[in-house]
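Undergrad: here is my input; please provide its structure:
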Amino acid sequence: MARYFDVHPVDPQRRAISQVADIVRDGGLIAYPTDSCFALGCQLGDRDGIDRIRSIRKLDDKHHFTLVCSDFAQLGQFVHISNTVFRAVKSATPGSYTFILPATKEVPRRLLHPRKRTVGVRIPEHVVTQALLAELGEPLLSSTLLLPDEPEPLTQGWEIKERLDGAVDAVLDSGDCGTEPTTVVDFSGDEPEIIRRGAGDPSRFE
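TA: Now for the predicted structure:
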């Protein structure tokens, strides 16, 4: 049964955030809010957590997982980023964008796109997500909480608790969340390519 944590959206209770971080460190899978919509998250090297996310969302091995990072210093440990791309990405973060970039050796192989050796990264603009990332001290391995055959992500924490009670270990809720996933921009080629149009304005990369 999933534990349910209802926190303040502007000033999240430190004790609750600490407890959720402990669940992640202990190999737990969580549902948590972001600046776009709810996401599933686990610890970076957690094989079981990755398999559970794949199972919940029915994902194949070509799915790009996302490393949700607290800041650029953390993001830079996990992806190779040129000066030109750095400027483009920095101008759009924090925000509702996911960027596909070549991964460094810090990223576990099973998270990489099998052919491109890339991974998704993002820096969210969300108080609760940032509080959790600060408590963890490392990125969250994440994927949008979009269930198979459903057109939109779940937006209510209580509904996620109800629907995924046996599939996740904790639900972190700070009120209504959006329904639009991040805009995904692939920077692994010569030119930026918009893979998914979502909550972030894609026009700056066109």
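
Undergrad: report the distance from the helix or strand harbouring Gln74 to the chain centre.
TA: Taking DSSP states H and E as the definition, one finds Gln74 inside helix 72-75. Centre-to-centre, helix 72-75 and its host chain are 15 Å apart (Cα atoms, centre = their mean, to the nearest Å).

Undergrad: go on, stretch 24-31?
TA: For stretch 24-31, the distance to the chain centre is 13 Å (Cα atoms, centre = their mean).

Undergrad: stretch 47-55 now?
TA: Worked out by Cα atoms, centre = their mean, stretch 47-55 lies 14 Å from the chain centre.

Undergrad: pretty sure Thr34 is in contact with Pro124, am I right?
TA: Yes - taking contacts as Cβ atoms under 8 Å, Thr34 lies within contact range of Pro124: 4.8 Å. The C-beta positions use only the backbone N, C-alpha and C, and glycine is treated the same way.

Undergrad: residues shared between the contacts of those two?
TA: The contact sets of Thr34 and Pro124 overlap at Val68, Ser96 (Cβ atoms under 8 Å, 6 or more residues apart in numbering).

Undergrad: any chance you could map the helices in the chain?
TA: Assigned by DSSP state H, the chain shows helices spanning 14-25, 47-57, 72-75, 83-91, 127-136, 157-163.
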